[in-house]
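**Q** Test case, fold it:
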Amino acid sequence: MIKLKKIITHLDDSVYKTIETTLIKNKADNFLFLLQTYRTSEIKDMEIAKTLNINSNSLYVLKSRLNDKIQEHLSGDIHSNKEEVLKQLHQIPEICFGSSREVAATFLLKLEKDLLLYDMHNELLVVYSALKKIHLYSDKYFHYSQLYNKHTAFNLSLEKCEEILGSFNRVLAQYNFSRSPKLFDSLLFLSKEVSDHFTLNQSRQIKLIKSIVELELSVLFNKTLNNEFNVGETLTQTEKMLNDLPDSSLHKKWINALNFISFEYYRKTGQLNQATVYFDKLDAIKNTLLLYTNVCLTSRFLISRLCFLQEQNRIEELLDEDTNTILIDNEDTHAVVLLGIYNAMLSYYRKNYKEAASKLNEIINSNSFKDYFHINTDVKLTLAFIYITIKEYDLADSLLKNIYRKIKSEEMNNYTNVLDLIKIFNADIKQNGKVTSKQKDDYILFQARNINESKLLNHLEHELKKKYS
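**A** Prediction:
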């Protein structure tokens, strides 16, 4: 607090006047007296304490709080928008070269304090670089050099973790289309990499990435990395972490990706009220949600949206929907294919069955599904169902035989659910669409086997149930 008098003395007149006006407005008389006394006179602290009728400890607290108020005025509030934070960072050269060392240090230390609250390593590098330079001739130079080096390492670690998160979601999309054990091993490896980084650098952002990775595996694919992982608690903690971030944080927008995971979790666990809350949040931004696929596999929301509206008997909401406004990365095959299936189902519900078939054929013809039997089968079974609906039995039969041969020739024992459905569809073809009790029994068997990695046709489940239950 010895430097407080110097700081107040060196404040620019306009800055001083603003602080003084604020204290007058707030009727902070003691703060005001201390500010004015330090600015205009040489009265000793003992006399100030006597005038204010306070002891030396109370005076120290008063000086400390006045120092905080000056810091807040100089550097603003980290909860302001990104432009304000950038403006503060851009002010650093002007303050360092245009103010006393005491004023510059006060400004920078307040910024440091705020940025540390949210592990904003990149912005902290700018602050520590400046602190290092203004303390060149001080014994604090080494201290700030060490902090600069530490946050350089943190920043590199965070950048690496964001890169791993992107790779994780790319592999997760491939796994969603293939259900390949080899790809799942890659996901485990990437998960461990994030955990290793978090062990070395337990920053808020890396914890956020670690939580998203664990939540995606658990909620979307029923996989847990350890038995103690609690989805509900992790969702609550991660949501709080994101909500607490200032608007200026680059990670604040990730709340939309977390909302998707929350929706999937509450829907899966049958908590309808909670699921509806998150559905409404996602529905409001569905046109941009698929741009978050480097953070989370949000493209799955399209299929989940269909399922949710089907379950809630709200299919009419799909009839007038315009999907041309949905933004996607055209290089993201996972998003492109799921949007194609979504569009085909919209055509189906509008009773434009030939248009729906055309869109599904376009997916098959435009993509190589050589290593993605799972999604290829998903699309072809949907197409076969539509062909049966419009009584194009020869086309449906050709598709079903192709799938059947593939499963049998490659001994895919985990796709007995598909064989059950083929049997049901073949009976449809033979009986010209008339549903028998045998088909209903086979459908019960299909439902029992259509689980876990082999689960198919989420988007069509409602229609199959209507027809065969």
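**Q** So what touches stretch 132-140?
**A** Outside stretch 132-140, the residues within contact range by Cβ atoms under 8 Å, 6 or more residues apart in numbering are 96, 101, 104-105, 108, 131, 141, 143-145, 148. Glycine gets a C-beta too; all of them are placed from N, C-alpha and C.
**Q** Make CSV out of the residues you listed and add neighbour count.
**A** Putting the contacts of stretch 132-140 into CSV (neighbours: other Cβ atoms under 10 Å) gives the following:
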residue, neighbour count
96, 18
101, 16
104, 23
105, 22
108, 25
131, 25
141, 15
143, 14
144, 22
145, 15
148, 18
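**Q** Which members of these occur in helices, if any?
**A** 96, 101, 104-105, 108, 131, 141, 143-145, 148 (DSSP state H).
**Q** ok, these vs residue 62, which is closest?
**A** Nearest to residue 62 among those: residue 105, at 20.6 Å, using Cβ to Cβ.
**Q** Now that closest one: closest residue in space that isn't a chain neighbour?
**A** residue 134 (6.6 Å; Cβ to Cβ, 6 or more residues apart in numbering).
**Q** Roughly how far does the one you found sit from residue 107?
**A** To residue 107, residue 134 is 10 Å away according to Cβ to Cβ, to the nearest Å.
**Q** Which one's more surrounded, these two?
**A** A direct count of neighbours by other Cβ atoms under 10 Å for residue 134 and residue 107 places residue 107 higher, at 25 against 20.
**Q** Correct me if wrong: the more buried one contacts residue 93.
**A** No: with contact taken as Cβ atoms under 8 Å, residue 107 and residue 93 are classed as non-touching, separated by 11.7 Å.
**Q** and the ones in helices among the contacts of stretch 132-140 as JSON lines, adding pLDDT and distance to residue 238?
**A** Shown next, in JSON lines, are these (pLDDT from 0 to 100; distance: Cβ to Cβ, whole Å):
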{"residue": "96", "pLDDT": "86", "distance to residue 238": "38"}
{"residue": "101", "pLDDT": "85", "distance to residue 238": "41"}
{"residue": "104", "pLDDT": "86", "distance to residue 238": "37"}
{"residue": "105", "pLDDT": "87", "distance to residue 238": "36"}
{"residue": "108", "pLDDT": "89", "distance to residue 238": "31"}
{"residue": "131", "pLDDT": "93", "distance to residue 238": "32"}
{"residue": "141", "pLDDT": "92", "distance to residue 238": "39"}
{"residue": "143", "pLDDT": "94", "distance to residue 238": "34"}
{"residue": "144", "pLDDT": "92", "distance to residue 238": "33"}
{"residue": "145", "pLDDT": "93", "distance to residue 238": "34"}
{"residue": "148", "pLDDT": "91", "distance to residue 238": "30"}
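**Q** Among those residues, which one lies nearest to residue 60?
**A** Comparing the ones in helices among the contacts of stretch 132-140 against residue 60 with Cβ to Cβ picks out residue 105 as the nearest, at 19.4 Å.
**Q** Contact partners for residue 299?
**A** Neighbours of residue 299 in contact, by Cβ under 8 Å, 6+ apart: 173, 290, 293, 328, 332, 334-335, 338-339.
**Q** Might you specify the subset of the residues you listed located within helices?
**A** 173, 334-335, 338-339.
**Q** ok, which stretches of the chain are strands?
**A** Per DSSP state E, the chain carries no strands over any range.
**Q** Can you find the helix or strand in it with the smallest mean pLDDT?
**A** Least confident helix or strand of the chain, by mean pLDDT, DSSP states H and E, is helix 82-90 with a mean of 68.
**Q** Surely residue 102 is in contact with residue 3?
**A** Yes: with contact defined as Cβ under 8 Å, residue 102 reaches residue 3; the gap is 4.9 Å.
**Q** which one of those two has more residues nearby?
**A** More neighbours surround residue 102 than the other of residue 102 and residue 3, with 18 against 15 (other Cβ under 10 Å).
**Q** For the more buried one, report the pLDDT, please.
**A** Confidence at residue 102, expressed as pLDDT, is 85.
**Q** what's the distance between residue 227 and residue 218?
**A** From residue 227 to residue 218 the distance is 11 Å (Cβ to Cβ).
**Q** actually residue 280, not the one I wrote
**A** The gap separating residue 280 from residue 218 is 24 Å, by Cβ to Cβ.
**Q** who has more neighbours, the two?
**A** Higher neighbour count among residue 280 and residue 218: residue 218, with 18 against 11, using other Cβ under 10 Å.
**Q** And that one, what's its pLDDT?
**A** 94.
**Q** Please parse the protein into its domains.
**A** Domain segmentation of the chain under automatic domain parsing yields 1-75, 351-469.
**Q** winner for burial among these?
**A** The highest average neighbour count among those, using mean count of other Cβ atoms under 10 Å, belongs to domain 351-469 at a mean of 17.
**Q** about what we covered before: Throw the contacts of residue 299 into a markdown table and include pLDDT, neighbour count and distance to residue 155, thanks.
**A** Below are those laid out as a markdown table (pLDDT from 0 to 100; neighbours: other Cβ atoms under 10 Å; distance: Cβ to Cβ, whole Å):
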| residue | pLDDT | neighbour count | distance to residue 155 |
| --- | --- | --- | --- |
| 173 | 96 | 21 | 28 |
| 290 | 95 | 22 | 29 |
| 293 | 96 | 22 | 24 |
| 328 | 92 | 20 | 30 |
| 332 | 95 | 19 | 27 |
| 334 | 96 | 23 | 30 |
| 335 | 96 | 24 | 30 |
| 338 | 97 | 25 | 34 |
| 339 | 96 | 19 | 35 |
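**Q** and which of the residues you listed is nearest to residue 166?
**A** residue 293 (9.1 Å).
**Q** tell me the phi and psi of the closest one?
**A** Here the main-chain torsion angles of residue 293 (degrees, to the nearest 10) amount to phi -70, psi -10.
**Q** Return the residues in contact with it.
**A** 169, 173, 299, 329, 332, 334-335.
**Q** where's it relative to residue 154, distance?
**A** Taken as Cβ to Cβ, the span from residue 293 to residue 154 is 26 Å.
**Q** Count the neighbours of residue 166 for me.
**A** A total of 14 residues lie near residue 166 under the criterion other Cβ under 10 Å.
**Q** Can you give me the distance of it to residue 96?
**A** Separation of residue 166 from residue 96 (Cβ to Cβ): 36 Å.
**Q** Same question for residue 397.
**A** Distance from residue 397 to residue 96, by Cβ to Cβ: 78 Å.
**Q** cool, and residue 223?
**A** Using Cβ to Cβ, one obtains 51 Å as the distance from residue 223 to residue 96.
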